[in-house]
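*Asks:* this one's structure only:
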């Protein structure tokens with residue numbers, strides 16, 4: 001039986017989303033004592049997304065997110081966390097390695113000064129992580145996932161990359177020379193959580209706060225593909241870094257969201273990986289070894305003879321009449337996709353809840369099933385010719401996994417007697 005909900009944990013999860021945590025309640029001596037703030041805030045992610053849907057519909061008479069785009073964003077968020085099943089986060093692991101071996105100064109973990117220095121340090125480093133993700137093509141190949149939605153709502157905040165975490169850790173290492181890992185572990189989470197609520201069009205100008213903090217209006221510009229929006233407003237919590245380094249832009253014309261060349265698909269693995277394939281193909285069109293290498297190192301708009309970041313002159317021109325990709329699909333198909341997406345979400349959560357008791361083989365099998373399901377859902381939404389074949393194979397796999405106890409059944413009455421295998425967690429009912 002699940003334990004009672006801790007009111008303090010609920011309060012902390014809610015306040016953490018808006019950076020309303022004090023140093024006294026978020027300073028820890030050991031890394032293992034640092035709360036999972038992101039996990040605590042998960043119910044509030046869902047609650048705020050529902051609230052945005054209701055308020056958005058009341059204000060505009062239309063949903064702020066489509067089912068196809070919203071499911072794709074949530075799917076991307078699910079995929080981005082899968083590496084955490086098999087290893088500790090790259091950022092914290094690398095940080096602790098440098099701290100243990102190379103720190104030059106050891107600031108006290110229980111000092112409010114250390115807490116605020118770490119806040120500024122993490123946000124400053126995030127600015128450069130984010131900026132380089134737009135200015136270096138092979139890092140942009142990961143970060144473009146977050147910009148691939150042609151909508152701007154709270155589900156867009158969940159549209160994260162599977163691969164970006166394998167490069168972002170580098171930029172935080174200078175802090176490991178003086179700031180304790182526990183303080184870093186707190187602020188890397190708070191910085192991420194703050195950026196969730198700013199992904200909405202429903203919150204307008206916040207007055208004087210706009211001068212200091214990253215707000216929905218500032219981040220809205222960052223997600224635009226208008227010429228004045230590109231490569232602007234990189235800040236995490238604070239917008240002062242953009243003002244200092246000349247990358248700030250205020251909202252002017254109507255913002256058109258998404259990539260400069262929309263991908264027009266909801267197939268999740270393509271959303272995650274297509275730009276790596278594009279860079280590989282693009283590099284083969286250049287003759288010299290130097291130009292082939294610069295394809296991956298320079299900006300996404302770079303071509304031989306142009307500045308390192310390119311000049312964006314070849315980007316498609318906007319008319320202001322652009323319509324987001326939104327294929328028509330039947331209500332029965334939508335219901336089918338929702339049901340099987342929720343089944344996959346349940347399996348996904350089971351893996352994370354039981355990762356300490358599951359074998360590596362079981363985790364690989366269950367995560368493989370989740371990836372196959374999310375891919376198949378994208379095929380169905382896109383209504384691809386091979387969608388029916390892929391979905392049939394997926395359903396056979398799903399029934400087999402349920403039969404042998406690797407998945408919870410949709411309903412308890414569908415449960416069957418299963419043989420318990422060594423190191424396998426079997427579910428016979430909810």
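*Replies:* Structure's in. What do you need? What you see is a predicted model, and the numbers here were worked out from it, not measured in a lab.
*Asks:* which helix or strand in this protein has the lowest average pLDDT?
*Replies:* Using mean pLDDT, DSSP states H and E, the weakest-scoring helix or strand in the chain turns out to be helix 7-16, at a mean of 74.
*Asks:* show the subsequent helix or strand relative to it.
*Replies:* helix 37-60 (DSSP states H and E).
*Asks:* contacts for that next one?
*Replies:* For helix 37-60, contacts defined as Cβ atoms under 8 Å, 6 or more residues apart in numbering pick out 9-10, 12-14, 16-17, 21, 62-65, 153-155, 158, 186, 189-190, 192-193, 196-197, 200, 202. Placement of C-beta: from N, CA and C, glycine included.
*Asks:* cool, stretch 154-164 as well?
*Replies:* Contacts to stretch 154-164, defined as Cβ under 8 Å, 6+ apart, come from residues 45, 48-49, 52, 65, 69-70, 72-74, 76-77, 79-80, 82-83, 133, 139, 141-146, 148-149, 195-200, 223, 272.
*Asks:* geometric centre of this protein: which residue is closest?
*Replies:* residue 160 (2.3 Å; Cα atoms, centre = their mean).
*Asks:* hmm, back to that, out of the contacts of stretch 154-164, which are buried?
*Replies:* 45, 48-49, 52, 65, 69-70, 72-74, 76-77, 79-80, 82-83, 133, 139, 141-146, 148-149, 195-200, 223, 272 (16 or more other Cβ atoms under 10 Å).
*Asks:* now for residue 205, how many residues are close by?
*Replies:* Residue 205 has 11 neighbouring residues, counting by other Cβ atoms under 10 Å.
*Asks:* actually, residue 340.
*Replies:* With other Cβ under 10 Å as criterion, residue 340 counts 20.
*Asks:* could you chop the chain up by domain?
*Replies:* The record assigns the chain these domain ranges, following automatic domain parsing: 9-245, 331-414.
*Asks:* with distance to residue 308 added, can I get the ones you listed in TSV?
*Replies:* Shown next, in TSV, are those (distance: least, Cβ to Cβ, whole Å):
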stretch	distance to residue 308
domain 9-245	8
domain 331-414	35
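*Asks:* deepest of those domains, which one?
*Replies:* A comparison of those by mean neighbour count, using mean count of other Cβ atoms under 10 Å, puts domain 9-245 on top with a mean of 18.
*Asks:* helices and strands around the helix or strand that residue 192 is a member of, which ones?
*Replies:* With elements taken from DSSP H and E, the one containing residue 192 is helix 181-197. On a contact count with 3 or more Cβ pairs under 8 Å, 6 or more residues apart in numbering; DSSP states H and E, helix 181-197 meets helix 7-16, helix 37-60, helix 90-102, helix 112-135, helix 154-157.
*Asks:* so which residues make contact with the helix or strand following the fourth one?
*Replies:* Put plainly, it is helix 112-135. Of the helices and strands lying after helix 112-135 in sequence (DSSP H and E), the nearest is helix 137-147. Applying Cβ under 8 Å, 6+ apart, the external contacts of helix 137-147 come out as 76, 130, 132-134, 156, 159-164, 166-167, 223, 258-259, 271-272, 275-276, 278-279, 295-300, 302.
*Asks:* now helix 137-147: mean pLDDT?
*Replies:* Averaged across helix 137-147, pLDDT comes to 96.
*Asks:* just give the number of residues close to residue 327.
*Replies:* Neighbour number of residue 327 under other Cβ under 10 Å is 12.
*Asks:* wouldn't it be in contact with residue 381 here?
*Replies:* Yes - Residue 327 lies in contact with residue 381 (Cβ atoms under 8 Å); the separation is 6.8 Å.
*Asks:* shared neighbours of the two, anything?
*Replies:* Shared contacts of residue 327 and residue 381 (Cβ under 8 Å, 6+ apart): residue 68.
*Asks:* circling back to that earlier point, from residue 144, how far out is the residue nearest to the centre of the chain?
*Replies:* Residue 160 is 12 Å from residue 144, where distance means Cβ to Cβ, to the nearest Å.
*Asks:* same thing with residue 401?
*Replies:* Counting by Cβ to Cβ, the separation of residue 401 from residue 144 is 33 Å.
*Asks:* ditto for residue 126
*Replies:* Plainly put, residue 126 is 18 Å away from residue 144 if you go by Cβ to Cβ.
*Asks:* repeat for residue 80
*Replies:* For residue 80, the distance to residue 144 - Cβ to Cβ - is 13 Å.
*Asks:* pLDDT wise, what is residue 418 at?
*Replies:* Predicted confidence (pLDDT) for residue 418: 40.
*Asks:* do residue 159 as well
*Replies:* For residue 159, the model assigns a pLDDT of 96.
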